[in-house]
Each structure stands twice: as structure tokens, then as C-alpha cells.
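Participant: Need a 3D model of the following:
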Amino acid sequence: MSAFEQAVLSDLESRGWTIGKPRQAREGLMYRANDGAGSTDAQTVLVKDSIAVITFHRPADIPAGWRAGRDAADGSATAFITARDLRIDAPAPAIRPLSPARPEREPLDSACVAEIRAAWDAKAFPRDDHPQFTKRGGWVHPSGLREYPAGHRHAGDLLAPMFRPVSGASRGIELCGAQQLLRDTSKSPDKYIVAGSKAAGAFAPLPLRESFFRPGAALGEDWLPAGARIVVTEGVRTGQAVRSATAGWAQPGGRETVVLAALAANNLPAVARWLKSSGMSATHEVVFAADNDGLKSQFVGIRKAVEAAELCGGKVALIDNDKPGFDMYDLLVSRKHDLRAGQSAVRELIDGARDPSQIRADRTEAFEPQQRQGTDRGNESVRAAGVER
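Facilitator: The predicted model follows:
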């Protein structure tokens, strides 16, 4: 074991981390790790030459001395430290043949994309009373979603195609996967990321348009007209709640509002960076609809929404209550006997969106270093887009 590797592991163990046995990975030695916040391993530590990288598979604070890195392909946060940071002279790495440069993003899974496209082209349009639209006594607009067709192994489940930017500087998008929302909403979870989907930085644009599936597709003026507002949500159903409350048919003469459902909190900053680099945030108001996550989830919904808003000059719509995970859909269905009142409440929350600095001031508990919460924090998994299957 090198002096650097020993120093890295000793540093983490001194903080209460448990380090598992190493295995040889392509890039170096990989350790499973547990930061003490739960009963299961939720971090991995990669040690390669003179740099070590932690990948966080649930929200956690970065250890002092480590620096935040770029998000992993699945959206997980990372942190790194070098031998120089630890004041250790690392031995010169062995000379190895150059390997081909890794692509900046994962290539598409052609089989996955083809299956999603085929299911979409079958044109199985869902009924307005589909269980996913009426869950918990509410109702949301279909927003262009379709069902897997009769004869398909997932017939009756909803299909929410997801897209990713073709490049940072353009509005071009490409189909990269989908989320499947089960017809049987009694199951938990009742939604999955379709196997082979590339979820990092992806989103579901609502309303969905046939033009999104064509070569050279882009979020053009037919979808995003001048003066329209962009609301970025975590979940698809939350995005549908926003559309239900703001679309022209619900609010005659009202302002056009479109939605990008980012599928998970960790995707919000990636979407924000694209909105900025493509120029859309400079010409359209952007609001991030934050889930009101609490301490057990390390306030991930609030923190990521604020981070995203700061990246692109957007605002944050967040309801301040004591209900963990409360979002726009929860607000919509909280007036079960008066759908219009629920829609009005959603519109008012969006119209009253706050600057990220104000959210930081109003919700200081979400941005202060968190105390270790033992197994309480570990028992609640990251609320993400759903388990892949």
C-alpha cells in the first residue's frame, strides 16, 4: 500500500468511515465505504496514483480537505483529493500505453432508443382516468404521454420519453431513454428508468411533441414561444401538475408555461447549465420547483434547486411546511374537492418564486453543515427517478 493510499484511508477512518476490502478496477483500486450515516455502504473510493475520488450514492457532506468534483454519469456527486493536498510525494506512475480518450458523455444505447421509439410510434394514447393521472384523488393533464401498446410486456404502463442536449450551445435534443410509470400505482416504487437509458443531464419536456423524435429536433419557438416561462421539476408527475395548473386551457389568457422534468434532484444543476449555455435562461424566466426535502434526505431537493437557480439566474418555487418531500403535485391534490383551488395554489407558488439567495436566508437549516444522524439518515434512500429495470 502506497503512502498516499494509506493516508487517504486513514483520513476517512479517522472521520468515522468504514472502509471495505479493495478490488482492482480499471482505473485503480476501488473501495466500498460507509460514512457512518447508515447501515449500508453508500460511497465508493477510487485510489489511482496520486489522486483519490469519492462517489456519493446518497446525499452527504464532502469531508474537509476534499474538493467537489464533476457529477458522475448517473448524477451522483463526487469529491477528490490529491497527494499534493496531503503533502505526500507520490511516486512517479508507471508508464502505460495511452488509452483512447473517454467520450464526454455516454453513447446512446441504440436498442433502448429503438424500443422506446417503437412504443411511442404505436400511438397508444392513455385515458384521462389512467391511475397515474388520478393518483391520491387528484388529476393531472396527460401532457402528451403515451402508454405501452397492447401486446407489449408493459402494456398499460405510461411511457415518458426523456431527452438530452445534443450540445451545450444549442437547443438541439436527442432521445436518450425513458421513464416507465406503472399502471399499478400500489407498487412501490411505481416508476422505473428503462434499462439502457442515459439519465445524466436528461429531462422530459412537457408537453411532449412528435417533432422531438425527428432528426435535428430542438426546443424551438413552437414549443417555447417568446415570453414563455420554463419551470424545471424533479418528477414527471410534478411537471404534469405544473402543466395542469398553468396551461392555457386551465388559465385562459394566462402566460404560457412549459416544463422540463429533470427526473431527479441531481439532474437539476445539469439542466440549469444547459439552459444557460444554450441562451434560453437569458431570454426566458426559469423557475425551479423544489421538493421540500427534510433533514433525512439532507435537503437534497432544496439544495440542488438553489444550486441550479444560481447557475442560470433562475428562481426557486418552494413551499415552506413541515411535510418532507412536499412538491407541486402534493399542493395540487391537497384541495381534493376543488381542483381549481389546487391549480390556483400551484400558480401562486410559481408566481411567487424567490431568488436563490432568499431561499438560503429563509431555509438556513438546509445549508448549514449537518450533524450526523446515525441510521435515521441512512434508512431513507435518495429520492430519484426510480430504480432502473
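Participant: Pretty sure I173 is one of the things S278 touches, is it not?
Facilitator: No - in this structure, S278 is not within contact of I173 by Cβ atoms under 8 Å, at 10.1 Å. C-beta: built from backbone N, CA, C; applies to glycine.
Participant: anything in contact with each of those two?
Facilitator: Contact criterion Cβ atoms under 8 Å, 6 or more residues apart in numbering; residues shared by S278 and I173: P165.
Participant: Can you check the pLDDT for G254?
Facilitator: The score at G254 is 68. That number is its pLDDT.
Participant: And for the one 5 residues further on?
Facilitator: In this model, V259 is scored at 98, pLDDT.
Participant: Check which element follows the helix or strand encompassing it along the chain.
Facilitator: Here V259 sits within strand 257-261, counting by DSSP states H and E. Proceeding N to C from strand 257-261, the next assigned helix or strand is helix 268-277, under DSSP H and E.
Participant: Buried residues, the helix or strand following that next one. List them.
Facilitator: Counting by DSSP H and E, the element after helix 268-277 in chain order, helix or strand, is helix 280-283. For helix 280-283, the neighbour count (16 or more other Cβ atoms under 10 Å) marks 280-281 as buried.
Participant: Just the CA atoms of helix 280-283, as PDB, please.
Facilitator: The C-alpha coordinates for helix 280-283 follow below in PDB (Å, rounded to 0.1, in the frame of the first residue of the first chain):
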ATOM      1  CA  MET A 280     -32.600  30.000 -23.000                       C
ATOM      2  CA  SER A 281     -32.200  31.300 -19.500                       C
ATOM      3  CA  ALA A 282     -31.200  34.700 -20.900                       C
ATOM      4  CA  THR A 283     -34.500  35.100 -22.900                       C
END
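Participant: Give me the spatial nearest neighbour of N266, chain neighbours excluded.
Facilitator: G75 (3.6 Å; Cβ to Cβ, 6 or more residues apart in numbering).
Participant: Could you confirm the one you found falls within a helix?
Facilitator: No - G75 sits outside any helix when classified using DSSP: H, G, I helix; E, B strand; the rest coil, being coil.
Participant: wait, it sits on F203?
Facilitator: No - contact criterion Cβ under 8 Å: G75 and F203 do not qualify, at 11.9 Å.
Participant: Low-confidence regions, this structure specifically.
Facilitator: Along the chain, the model assigns pLDDT under 70 to residues 39, 89-104, 249-254, 336, 370-389.
Participant: For the residue most central in space within it, give its distance to F80.
Facilitator: Taking Cα atoms, centre = their mean, the centroid of the chain lies closest to A264, which sits 2.3 Å from it. Taking Cβ to Cβ, to the nearest Å as the measure, A264 falls 22 Å from F80.
Participant: got it, and A245?
Facilitator: 42 Å.
Participant: Between those two, point out the one with more neighbours.
Facilitator: A245 (28 against 16; other Cβ atoms under 10 Å).
Participant: So that one lies in a helix, does it not?
Facilitator: Yes - read with three-state DSSP, A245 is one of the residues of a helix.
Participant: For it, which residues are in contact?
Facilitator: Contacts of A245 by Cβ under 8 Å, 6+ apart are 251, 328, 332, 342-344, 346-347, 350.
Participant: Top of these by number of neighbours, please.
Facilitator: M328 (31 neighbours).
Participant: I figured that one hits V346, correct?
Facilitator: Yes - if you go by Cβ under 8 Å, M328 and V346 touch, sitting 5.4 Å apart.
Participant: okay, and the common contacts of these two?
Facilitator: Common neighbours of M328 and V346 (Cβ under 8 Å, 6+ apart) are 241-242, 245.
Participant: how about those in TSV, adding distance to A3?
Facilitator: TSV is the format used below for the shared contacts of M328 and V346 (distance: Cβ to Cβ, whole Å):
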residue	distance to A3
A241	55
V242	54
A245	59
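Participant: which among those residues gets closest to A308?
Facilitator: V242 (15.8 Å; Cβ to Cβ).
Participant: what's the distance between the closest one and L331?
Facilitator: 10 Å.
Participant: again with E285
Facilitator: If you go by Cβ to Cβ, the gap between E285 and L331 works out to 20 Å.
Participant: More neighbours: which of the two?
Facilitator: The neighbour comparison of E285 against L331 (other Cβ under 10 Å) goes to L331, with 24 against 17.
Participant: Which residues are in contact with that one?
Facilitator: So L331 contacts 241, 319, 342, 345-346, 349 (Cβ under 8 Å, 6+ apart).
Participant: who's in contact with the spatially closest residue to Q298 that is not a sequence neighbour?
Facilitator: Distances taken as Cβ to Cβ, 6+ apart place P59 nearest to Q298, at 3.6 Å, with adjacent residues excluded. Taking Cβ under 8 Å, 6+ apart, we find P59 in contact with 77, 297-300, 303, 382.
Participant: G239 sits in which helix or strand?
Facilitator: Element membership for G239 (DSSP H and E) is helix 236-246.
Participant: which residues sit in contact with the closest residue to K276 other than its chain neighbours?
Facilitator: Closest residue to K276 apart from its sequence neighbours, by Cβ to Cβ, 6+ apart: C312 at 4.1 Å. C312 is in contact with 272-273, 275-276, 281, 286, counting by Cβ under 8 Å, 6+ apart.
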